[in-house]
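Peer 1: predicted model and sequence below, questions to follow.
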Amino acid sequence: MKNLKKQRRIQVIAVAAVALVVATALIGYAMRDGINYFRSPSQVAEAPPQPSEVFRIGGLVAEGSLQRGQGETVRFAVTDGGATVQVAYTGVLPDLFEENQGMVGTGRYVNGVFEASEILAKHDETYMPKEVMDALKEQGVYQEPET
């Protein structure tokens, strides 16, 4: 009788372990397209990602780089103090988007230009996305906002 209980317990533990592995694999498979890694302009310049990879880039909009083209296409450069990456975005920019302000964009890096599908801007004068702040601190160019 004890042998049967021990065997049954081992079977239940084995089935639970297999179920856990399968559940983890299914969750990872489902999220593979929904995970966007953050990169600073310096990281993009050092190791350019594949054109098929969707990622987020953030930094400060470089002063004097904002160019509004024909239609809704906007070109600008994003920098973290160490490197600058050119960005192209087709669409309506957020109201608070301007030069020398923090931004985060989602898109692909194709032929030396980050083609953004989404642009996020700060929501008040003191806000900066955490990833952007960390990248600027790492480069040594971050300045605490005056309050």
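Peer 2: Perfect, thanks for sending it.

Peer 1: SS state for V92?
Peer 2: Under DSSP: H, G, I helix; E, B strand; the rest coil, V92 falls in the coil class.

Peer 1: and for E118?
Peer 2: Criterion first, three-state DSSP; result for E118: strand.

Peer 1: let me see the ranges of the strands in this structure.
Peer 2: 37-39, 55-61, 67-68, 73-79, 84-90, 102-110, 113-121 (DSSP state E).

Peer 1: from the ones you listed, which stretch is densest packed?
Peer 2: Highest mean neighbour count among those (mean count of other Cβ atoms under 10 Å): strand 55-61, with a mean of 24. In this view, the C-beta of every residue, glycine as well, is placed from N, C-alpha and C.

Peer 1: for the residue nearest the centre of the chain, which residues are in contact?
Peer 2: Geometric centre of the chain, nearest residue: R56, 2.5 Å, by Cα atoms, centre = their mean. Neighbouring residues of R56 by Cβ atoms under 8 Å, 6 or more residues apart in numbering: 36-39, 104-106, 131.

Peer 1: that one bridge partners, please.
Peer 2: Beta-bridge pairing of R56 under DSSP bridges involves F38, T106.

Peer 1: quick check: the spatially closest residue to E131 that is not a sequence neighbour vs S65, distance?
Peer 2: Leaving out its chain neighbours, the residue that sits closest to E131 by Cβ to Cβ, 6 or more residues apart in numbering is F38, at 4.3 Å. Separation of F38 from S65 (Cβ to Cβ, to the nearest Å): 21 Å.

Peer 1: sorry, back to before: so which of the strands of the chain is nearest V12?
Peer 2: With Cβ to Cβ, the closest approach to V12 among the strands of the chain belongs to strand 37-39: 38.3 Å.

Peer 1: pLDDT at the residue nearest to the centre of the chain, what is it?
Peer 2: We have a pLDDT of 89 for R56.
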